[in-house]
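Enquirer: Here's a sequence, model it:
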Amino acid sequence: MVTPTEKQKAKHRRYLAAGENIMAIFGVSDRYYFLMMLLTFPLSVFLIGLPYFLKVVHLKHTKTYIFTDRRVLIIDGMFSIKLTSAPYDKISHITVREDFFKNLILGVGDITIHTAGPTPVEIDIVKVGHPMQVKNLLEELMFKEKKEVFHV
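Expert: Numbering: from 1, shown residues only. The predicted model follows:
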């Protein structure tokens, strides 16, 4: 999880509403990316691992997760962008998956955000480092948002 730099804030400003601030920006874990590149690159030379190698590169460069002071944003894509937004007050619960070997070797896990409403949606945050810390930050932001709504 990364505190955003000014360059990142400027790059992602177009996705924000007026007065909205970025609290955290992250993507696929660097450790996951590095280890998967080490494993798949030698096989990609023989074309056996090329599809998986390209999948890992694509995943690293196309997934961006942003927590603002109001909502969660998932930006997916490089040339064509798919933007998914979930306001904190619409999140009903969060599921964290930490597979033993993925967590032990790669240090990654997956998070699913479940939203409430007439058409509930599940939003997946995949292959992030320290998923429990990400979940805790998300819950803190949700709590802060609910607290502000009730005190206004």
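Enquirer: tell me which residues form a beta bridge with the residue nearest to the spatial centre of the chain?
Expert: Central residue of the chain (Cα atoms, centre = their mean): residue 65, 3.5 Å from the mean position. Beta-bridge pairing for residue 65 (DSSP bridges): residue 26, residue 74.
Enquirer: Contacts only, for it.
Expert: 25-27, 72-75, 125, 128 (Cβ atoms under 8 Å, 6 or more residues apart in numbering). C-beta here means a position set from N, CA and C on the backbone, and glycine is covered the same way.
Enquirer: Output the residues you listed as a markdown table; include the columns distance to residue 82.
Expert: Putting the contacts of residue 65 into a markdown table (distance: Cβ to Cβ, whole Å) gives the following:
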| residue | distance to residue 82 |
| --- | --- |
| 25 | 17 |
| 26 | 18 |
| 27 | 15 |
| 72 | 14 |
| 73 | 11 |
| 74 | 8 |
| 75 | 8 |
| 125 | 14 |
| 128 | 18 |
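Enquirer: Which of these sits closest to residue 105?
Expert: residue 128 (15.2 Å; Cβ to Cβ).
Enquirer: How much space separates the closest one from residue 19?
Expert: 27 Å (Cβ to Cβ, to the nearest Å).
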